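> Just a sequence and a predicted model for now, questions to come.
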Amino acid sequence: MSRFLLVVPPLAGHIHPTVGLARELTARGHQVAWTGSEAVLRPLLGPDATVLPTGSRIFRAQSGHGLGALRTLWEGFIVPYARFTAKALDRVVTEYRPDVLLVDQHTPAGALTAHRHGLSWASLAPGAMEIGRPFRALPKVESWMTDQLTALWLRAGLPPREYLDPRFSPELVLALTAPALTGAEPFPEQYALVGPILTERPADPSFPWERLDPARRRVLLTMGTLAADVSADFHARAVRALALLGDHVQAVIAAPTQSLPLAELPSDAVAVERAPVLELMSRGLLDAVVCHGGMNTVGEALSHSIPLVVAPIRHDQPFVAAQVQAAGAGLRVPFARVTPPGLAAALRAVLAGPGDGLGDGLGDGFRDGPCDGPAEGPDYRAAAARVGAGLRSGGGAPVAADRLEALAGRAR
Amino acid sequence: MNDHTLTAARVRPELLALLAEAADAPPGWTDRVTPDSRLDADLLLDEGELGLLDRLLRERLGRSVDLAGLRAGLDLDALEALTVGDLERDLLPPEPTSPNRGRR
């Protein structure tokens, strides 16, 4: 039996995959504890989880677009959160005495603490942000990130000559993705691309399953829980796009009510704050997903062979969107600029398989629009199934647990 | 660096066309693009779109029009501040002069 400590940020999308991993480790007889903000962790993990609190404070992890969002992420969250949790993590590690720490890439203080205590640690990369090096073309931006991590290292009192990038454990990097979504760049041998760890997120218990119409194609619109600051205008355009698809498509929308143009919602649309996304997917009730390109949603959709229309907002999302489109598993549209007809055209394209004739029923001018190809266009569903098979072949939670067990074995 | 200067708030049409293509922009989007428009915070071009713009600039205006090279030399502050006018000034060849078209 080994003892694992999961160091996670107070971000639901980063916490959800650890739930499935912890279940796997616990089933194998290991002890698992989370450390972070109990105020965020407890509602997501339930009353029985072991949570070792570091205290809670409001941080602005996500806002805006592009490079401004990158600056906010680092200066408004990663660095101050690392400083805020440093002492508490030291206490947690001293008291819990883990064999291995699994450290989310957004919580570098966990790696610094492990190094100080001489403990083995693995990195957890829930997204593609660091794995794919989306800013490799901007060396001064990469240096800017490294400078901040180096400053944290020195602030922690660790010797400069021992510096290790706290985002990348030299022993194990667990990445919840697959080569189809990371590009062709080879990875060092300590990287394990295990694919998504599918864990159902808390959903609205009153989800109206009876309103889903089996005779129609269903499109899920979900732009993530952290994009409310910029999503209202996109939601308005997306609702108009879904209306343009006509009676053969039913919209399922997961979004805060205040961000939706309620008067414009199609009468048959199902709109909830939180949808049971995995259950909808696993029951075969979704034909396409419109999302922002968060790795959780993309991985889950592709694992269920569902094509995507991705409107990336920030961080790794443009990179993920480009990979989805390059793999043929969906289309990328510009979040800030796509028009309702443009989004509708992209949806028509991913909903229609080549030669299946289904496009004929999807509203007027099915083949019209900027995303159209010839009548025998790309088969997005087939490509989504192909990429999904690649994601599943990573092995998910069981392979991740294998790798962590091996690391714990070496640590003894 | 080119020595021509911007003296009016309009953008050269060839650059506007490439910006619109890279941005996959709807009709009318370029009406709001000025030399002061920042590529990041105003036009909301992400890294993928800027990569496409770089390719389009090289293909249409010549291999020396190197947006990627320009951006690679900038730090985060400068990248956030980079404007359409900067691209005109630092990357585009001088506009050809003609009897009917003076300098802007």
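Structure received. Numbering: from 1, shown residues only, chains lettered A, B, ... in the order given.
> mind listing what residue 71 touches?
In the absence of a named chain, chain A is used. Applying CB atoms under 8 Å, 6 or more residues apart in numbering or on different chains to A:Arg71 gives the contacts B:76, B:80. Placement of C-beta: from N, CA and C, glycine included.
> I was thinking of chain B, sorry if that wasn't clear
Residues near B:Arg71 by CB under 8 Å, 6+ apart: A:137-138, B:50, B:54, B:79, B:82.
> cool, A:Ala49 as well?
A:Ala49 touches A:22, A:34, A:41-42, counting by CB under 8 Å, 6+ apart.
> Now with 10 Å, please.
A:6, A:19, A:22, A:26, A:32-34, A:38, A:41-42 (CB atoms under 10 Å, 6 or more residues apart in numbering or on different chains).
> roughly how far apart are it and chain B?
Using CB to the nearest CB, to the nearest Å, we find A:Ala49 at a distance of 37 Å from chain B.
> Am I right that that residue falls within a helix?
No - counting by DSSP: H, G, I helix; E, B strand; the rest coil, A:Ala49 is located in no helix; its state is coil.
> how much space between it and B:Ala23?
From A:Ala49 across to B:Ala23, the span is 45 Å (CB to CB, to the nearest Å).
> circling back: and the contacts of A:Ala49, which two are the farthest apart?
For the contacts of A:Ala49, the maximum inter-member distance is 19.1 Å, found between A:Thr26 and A:Glu38 (CB to CB).
> How many neighbouring residues does B:Gly69 have?
By other CB atoms under 10 Å in any protein chain shown, the residues close to B:Gly69 number 12.
> Just confirm it contacts A:Pro139, I think it does.
No - in this structure, B:Gly69 is not within contact of A:Pro139 by CB atoms under 10 Å, at 11.5 Å.
> in chain B, which helix has the most residues?
Taking DSSP state H as the criterion, chain B has its longest helix at helix B:47-61.
> Distance from the helix or strand just after that helix to the middle of the chain?
Next along the chain after helix B:47-61, taking DSSP states H and E as the criterion, comes helix B:67-72. Distance, stretch centre to chain centre, for helix B:67-72: 12 Å (CA atoms, centre = their mean, to the nearest Å).
> A:Ile313 should be in a strand, yeah?
No - under three-state DSSP, A:Ile313 falls outside any strand and is assigned coil.
> and it, backbone torsions?
When read as degrees, to the nearest 10, the backbone of A:Ile313 gives phi -110, psi -50.
> got the contact list for it?
A:62, A:64-66, A:69, A:223-224, A:226-227, A:229-231, A:234, A:292-294, A:321, A:335-336, B:44, B:46.
> same deal with A:Gly328?
Applying CB under 10 Å, 6+ apart to A:Gly328 gives the contacts A:180, A:307, A:378-380, A:382-384, A:386-387.
> distance of it from A:Val141?
To A:Val141, A:Gly328 is 30 Å away according to CB to CB.
> next one: A:Phe4
Distance, A:Phe4 to A:Val141, using CB to CB: 33 Å.
> The helix or strand of chain A with the lowest mean pLDDT near chain B anywhere?
Every helix and strand of chain A was ranked by mean pLDDT, DSSP states H and E. The lowest is helix A:179-182, at a mean of 84. No - using CB under 10 Å from any CB of the partner chain, we find that helix A:179-182 stays clear of chain B, coming within 14.1 Å at best.
> I'd like to know which elements that helix is packed against.
Helices and strands touching helix A:179-182, by 3 or more CB pairs under 10 Å, 6 or more residues apart in numbering or on different chains; DSSP states H and E, are strand A:191-193, helix A:295-303, helix A:317-326, helix A:380-392.
> how about 8 Å then?
Packing partners of helix A:179-182 (3 or more CB pairs under 8 Å, 6 or more residues apart in numbering or on different chains; DSSP states H and E): helix A:295-303, helix A:317-326, helix A:380-392.
> Give me the angle between the last one and helix A:317-326.
It refers to helix A:380-392. Orientation note: helix A:380-392 sits at an angle of 120 degrees relative to helix A:317-326 (axes from the mean of the first three to the mean of the last three CA atoms, to 10 degrees).
> any idea how far helix A:380-392 is from the chain center?
Chain-centre distance of helix A:380-392: 17 Å, with CA atoms, centre = their mean.
> repeat for stretch A:405-412
The chain centroid and the centroid of stretch A:405-412 are separated by 28 Å under CA atoms, centre = their mean.
> Identify the residues contacting it?
By CB under 8 Å, 6+ apart, the residues outside stretch A:405-412 that reach it are A:2, A:4, A:28, A:30, A:99-100, A:119-120, A:122, A:171-172.
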